[in-house]
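In: this is the structure alone, sequence omitted:
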């Protein structure tokens, strides 16, 4: 049976929920510019690909993604003034996260993993989860547990050295950088313009934010929207990272929810 | 070039927007039970498939879908108490629609088609659009035009006779019925459980609504969630409808936005 | 004792609530243009008149109306750009419906009928009711039952034939048409301009919506705001429909709430 | 022609708006317990009756009322825990006021009088007006002027002496007191239970509020919901007050909007 | 130990909450123009000073203030169009009050006093409290009790005569008047410009409100923002009032919460 | 003249705004547990102290703080389940930030610095600013510029080495750690319990979040709420950091707003 919840009939889904108390993954992504070389879907398709692989290993399901994320910020994503990016007001993203969790809980789901593909979503997820848990406890549902995972936090020191042999530039600057480019080369090579990999130095941002986010207010923002070079990206690095993320996340989810050692068999 | 906006780099997208003033399609779907024989993604994947085909013909783009829709109602969708359905509160769906339109307008898009795959979304789309237009006019953007299309409204009398030779049951009862089943058989046969097609008589609902939506309050609601039989569905009927919808919508969009005769060449 | 809740003292009302567990009707109307011949109050006064008559028969009460409804749409009401129409944003209409239900429940009311006089209200009522029931169940109030009635759904095939001997134009087009005009002629003849009955053919709308709603975007919209001719309207037809609606709704409410056969005596 | 906007056709209304730039009155009332002797509609019907009389004199219109008001407070209305009272959350009342003003402005209305029949509405009206004016100025509508009138503020010292010869108890305590009872006796005598006029001493409240509003937390609250005796009320006093309010408000509105001396002819 | 909650470590605070079930005071103030002679902090610092003194006497705590209040109205504060005033939309003030109460309740606090320093806050506090209590009861917390105190309501007839020997001008007009000026002279003399005390006659306002609040729409509004003269203010009067407020409020809080006679020892 | 806006009369403030176009600092803080040794006001008083010193140097003003911040997260602040912490729902914090900015802009302020004392506020500030700028541009105010400063980002490599000679633990873990303890020892030594400095090892958190935030779900969370030891804190280190922050921020603000070299004279 597919791990994609949306491809199931409700009757098959319902049976699985009642029989297996499955973990459900939900990606919270973004539709965001990722430089001239990557498609705008990166923050949604990468965590979803990881989630599907983990779900296969541990018998979980993957719900449809919350595609649109919070507004891109200059120092971590280039900024929300760049064409192509589609972001939500905080209220609507928070509300959508709350609703999806509450609906899953209504079905009987008690184990949810929010796969966060976009740094700016972090606190919005925290709020959506908090409001959902508040609502649910008032309906007498208190045994629910929710994980939020930023997959990139599962990069081991070894992998970091392998992927960035000349030094890691910080996760914020990694927007459309070596990690995302490599993962896309591994997962969706047909969507990567390998002939357009940015090669400019990392953005040299000041230690504060300026609003409104405009090209004028941010002279140090590269005009292509990528914050760092990705010329050293490769599908092999992407595979290395992908495998590491799948392995690490499967293990963490298994442990956190007390699942029976299914992760090893993955 | 693909019609899928999300697979484009922002630079390619931006160029197309500035050069071609393209129409952008956005599906507003739902994640809703569709009986024991259909997957829960029907209301999102059918209008998106139509939109992509129309977009290819008329040089348009298709944005990522707004996947989750408004709460299923018993007399048109079985009701929101059935497991598997994931719906949004009105506020969050309205807000998301507003945000997506405003972001597209920020990019320079002035022609938007909202493809509505779920009847219950109708007024929520009306409100999301109204709030977006209100915001946009206060930013001085007044030349934008938005269509809302329920693709099933493009069924011709001839097609109706061909698909329902024994009489059309009303659109409301067509939830998970012959039309949707046929379209899914044509588009995504691997997701249809052809061995489970409901064969019960149409739901015999009273001429009013009762809340809360529960199995107890709605004794006339079929227990499988389908409102009508779909045993007469076929991939051939699906193709007939699909082609008709694509043709009709391409023509309507071309005419409404005053595009130069590109629809004919599709 | 009057059926009008608002004309009662709170002590009389309170006694009735505790002694009789009465049904309470609440109209959700609109203040909307209804062509050159009808007043703007139609969607509020017609369902309220029906509710009062039903209430007299079955011992129910009629609360004050929620007068302002959701935004008029072109294909079912001419559109919200026409002067005179006063509509609410979805959020405010939904919230008002929620509040009124919760207040009635606080009084001890457990049987509510929302009389919907305006098609565009349908989903807003669904949402207001859903939010109210959500709040109430968190306060431990779960035995409440709510009906939503669009009175026109109680038109029998016989009445349809009698009122529209040349064929029924669809409910959407019936805005300010034969049904509403006849009902107003029967109920409030002094408010009908019988010398101004529109006689133009039915609006020939395309099978989709266009926004913003403007005269320019809707060339097929009749300039008088009526969607159809009402020259065949009459007080006699109005009486026929009114009696049918009262009879049918009294019966449905009696049955749905398990009231003791009071409807027969009406 | 009637002053009741809702009884006009949109075409008649529209012509008046364009030709006369009329003042529009909107009552913001409440549905609130008013002791054992008065109906729950007082706060809506009294200001509306005044508004209609003023409108006749000065050529104005009266829009449908915003019937439900803000939550009754103990020291000015007995409290919102008493059965029968139907109040709105602040957000919904504020939003409704905003929407009604914005819709009137869309019609071309530039002179609005909000007739406040319920003390607790005061700041909600201030906020609804502020939000409406904020929205309107962003649409370029800045010449609009709005009055908020609490009709009871138009009581002259002479009338005060005539109505309360033994001393005025404060407006807060006048809830369901001599003024409102007298006005109802004058305007709607059939709705007054003259045999139930409260005769207890004025409520002896502490100089602060206690929440939640319950009978237990407010031992000094009279159990009949009236805050003061009304045994000295009379239709004659009601007429005196009504005439004074009509005269005073007509004069104030005429002066504030710079109308041409029509008030004198009233 | 200080009465200022914010200066405590969480461990000391937590111990006190569990051991003593203390009353917690929270000022709801404003940042509002107070004429040319007073600083803009008056509505926050005066009630906080009173609260701290009361808290010392009765063993209570004082939480950080909710500094920004509801929009200043002309007839009670000069109006929100005057520079320097920083007010919140109703929604945000209401929400903040709700959140602070709910957080205190989460800590275990069951006795809260909201010290209101700004008349326009009154109904916003009522709503914030109502929403908080609604939320809390759904979490099973029903034993909480909340007082709202406008400190000026504790002015005795004797004090009134002493402070305003020539007659009291009404609380509304007392904005930046003798009471507030005297209290500031007593509490924060360094913040009072004694050389700028307004000496103009009281504002002669009409008995209604006009919006938008502008200098043009309110010709009777003194241009310095003070509604009345304060030339008779003095630190001695301030001390008299301060001591009276502290004494009265300590007694009321002690009585209302059934504290054991600690108020006497103050 | 004081830099504290709230201690000014509106007339003095207004003159300064019109004459000098001053920068205004607004702290966005939190009321949050900071271990057993620090008071709960740290996140508000530290950035405010820095802001006041910078304001003195560059002729700026400091507005009252937005005291309550977004909900504490376990991995950066211990979590919002710990007693004493008072946080706001995202909506209310965002709305408050928006309102304060809009009010400052109404006064004529065009240069605002939001001093962020609490990591969890970051995206809420981004949203509050975005909504404010959206509103302001619709009022024709487009020349406004806003900085968001997390003061700790101004720590130089040299200072980092001096303060954490044994290695820097990451900013997230620095909650109630050496930096904040040292700064409080320098600024408010009377509020620091030097005898209670935590000496446990840094919290060993997993690379993901778990909700609900409870002691049970977070076994690795130190029970005193501090995430790291602060035994090496000192007032001298606090002074070093404070001076560095003041110097760096003064320089950055001067440069970003193009002020005339006033920072040097500080």
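Out: Cool, the structure landed. Every value quoted in this text rests on a predicted model; they were computed, and no experiment measured them.

In: okay, which residue is most central for chain A?
Out: Geometric centre of chain A, nearest residue: residue A:117, 1.7 Å, by Cα atoms, centre = their mean.

In: give me the distance between that residue and chain F.
Out: 14 Å (Cβ to the nearest Cβ, to the nearest Å). Glycine gets a C-beta too; all of them are placed from N, C-alpha and C.

In: was I right about that residue contacting residue A:148?
Out: No: using Cβ atoms under 8 Å, residue A:117 makes no contact with residue A:148, being 11.5 Å away.

In: right, and residue A:94 touches residue F:90 too?
Out: Yes: taking contacts as Cβ under 8 Å, residue A:94 lies within contact range of residue F:90: 6.0 Å.

In: and the residue nearest to the centre of chain A, what does it touch?
Out: A:27-30, A:42-44, A:46-48, A:69, A:151 (Cβ atoms under 8 Å, 6 or more residues apart in numbering or on different chains).

In: for chain A, just list every one of the helices.
Out: For chain A, applying DSSP state H gives helices covering A:10-20, A:42-58, A:74-77, A:90-107, A:122-138, A:157-163, A:178-187, A:235-256.

In: adding mean pLDDT, distance to chain F and mean neighbour count, write those helices out as a markdown table.
Out: Formatted as a markdown table, these follow (pLDDT from 0 to 100; distance: least, Cβ to the nearest Cβ, whole Å; neighbours: other Cβ atoms under 10 Å in any protein chain shown):
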| stretch | mean pLDDT | distance to chain F | mean neighbour count |
| --- | --- | --- | --- |
| helix A:10-20 | 98 | 20 | 17 |
| helix A:42-58 | 98 | 13 | 24 |
| helix A:74-77 | 96 | 10 | 23 |
| helix A:90-107 | 98 | 4 | 24 |
| helix A:122-138 | 98 | 4 | 23 |
| helix A:157-163 | 96 | 12 | 14 |
| helix A:178-187 | 98 | 15 | 25 |
| helix A:235-256 | 98 | 6 | 20 |
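
In: just the pLDDT for the residue nearest to the centre of chain A.
Out: What the model reports for residue A:117 is a pLDDT of 97.

In: so how far is residue A:54 from residue A:247?
Out: 9 Å (Cβ to Cβ, to the nearest Å).

In: what's the answer for residue A:182, then?
Out: Taken as Cβ to Cβ, the span from residue A:182 to residue A:54 is 19 Å.

In: repeat for residue A:65
Out: Residue A:65 sits 15 Å away from residue A:54 when distances are taken as Cβ to Cβ.

In: ok, now residue A:21?
Out: Plainly put, residue A:21 is 17 Å away from residue A:54 if you go by Cβ to Cβ.

In: now residue A:231
Out: 30 Å.

In: can you give me phi and psi for the residue in the stretch 151-266 of chain A that chain D sits nearest to?
Out: Residue of the stretch 151-266 of chain A nearest chain D, by Cβ to the nearest Cβ: residue A:212 (17.5 Å). Taking degrees, to the nearest 10, you get phi -70, psi 150 for the backbone angles of residue A:212.

In: excluding its backbone neighbours, what's nearest it?
Out: residue F:133 (5.1 Å; Cβ to Cβ, 6 or more residues apart in numbering or on different chains).

In: for the one you found, what are its contacts?
Out: A:211-212, F:101, F:144, F:146.

In: now tabulate those in JSON lines and tack on distance to residue F:58.
Out: JSON lines is the format used below for the contacts of residue F:133 (distance: Cβ to Cβ, whole Å):
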{"residue": "A:211", "distance to residue F:58": "20"}
{"residue": "A:212", "distance to residue F:58": "22"}
{"residue": "F:101", "distance to residue F:58": "20"}
{"residue": "F:144", "distance to residue F:58": "18"}
{"residue": "F:146", "distance to residue F:58": "16"}
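
In: need the max-distance pair from those residues.
Out: A:212 and F:101 (11.8 Å; Cβ to Cβ).

In: which residues are in contact with both of the two?
Out: Common contact partners of residue A:212 and residue F:101 (Cβ under 8 Å, 6+ apart): F:133, F:146.

In: can you name the residue of chain A nearest chain C?
Out: residue A:138 (4.3 Å).

In: gap between the closest residue to chain E within the stretch 51-200 of chain A and residue A:105?
Out: Here the stretch 51-200 of chain A gets closest to chain E at one residue, residue A:138, 4.3 Å apart by Cβ to the nearest Cβ. Applying Cβ to Cβ, the value for residue A:138 to residue A:105 is 12 Å.

In: how about residue A:131?
Out: In terms of Cβ to Cβ, residue A:131 sits 13 Å off from residue A:105.

In: tell me who's in contact with the closest residue to residue A:210 other than its chain neighbours.
Out: With sequence-adjacent residues excluded and distances taken as Cβ to Cβ, 6+ apart, residue A:210 is closest to residue A:217, at 4.7 Å. For residue A:217, the contact set (Cβ under 8 Å, 6+ apart) comprises A:210-211, F:145.

In: and these as a markdown table, adding neighbour count?
Out: Below are those laid out as a markdown table (neighbours: other Cβ atoms under 10 Å in any protein chain shown):
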| residue | neighbour count |
| --- | --- |
| A:210 | 19 |
| A:211 | 24 |
| F:145 | 18 |
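
In: can you list the residues of chain A near chain E?
Out: A:137-138 (Cβ under 8 Å from any Cβ of the partner chain).

In: now with 7 Å, please.
Out: residue A:138 (Cβ under 7 Å from any Cβ of the partner chain).

In: for the closest residue to chain D within chain A, give me its contacts.
Out: The nearest approach of chain A to chain D comes at residue A:91, 13.4 Å away (Cβ to the nearest Cβ). Contacts for residue A:91 (Cβ atoms under 7 Å, 6 or more residues apart in numbering or on different chains) come out as B:95, F:91.

In: any idea how far chain E is from the nearest residue in space to residue A:109 that is not next to it in sequence?
Out: Spatial nearest neighbour of residue A:109, chain neighbours left out: residue A:24 (5.1 Å); criterion: Cβ to Cβ, 6+ apart. The gap separating residue A:24 from chain E is 26 Å, by Cβ to the nearest Cβ.

In: for residue A:24, give me the pLDDT.
Out: Residue A:24 is given a pLDDT of 98.

In: residues near it, how many?
Out: By the criterion of other Cβ atoms under 10 Å in any protein chain shown, residue A:24 has 24 neighbours.

In: ok, now which ones touch the residue of the stretch 51-200 of chain A closest to chain E?
Out: The contact partners of residue A:138, by Cβ under 7 Å, 6+ apart, come to C:138, E:138-139.

In: what pLDDT does residue A:170 get?
Out: On the pLDDT scale, residue A:170 gets 83.
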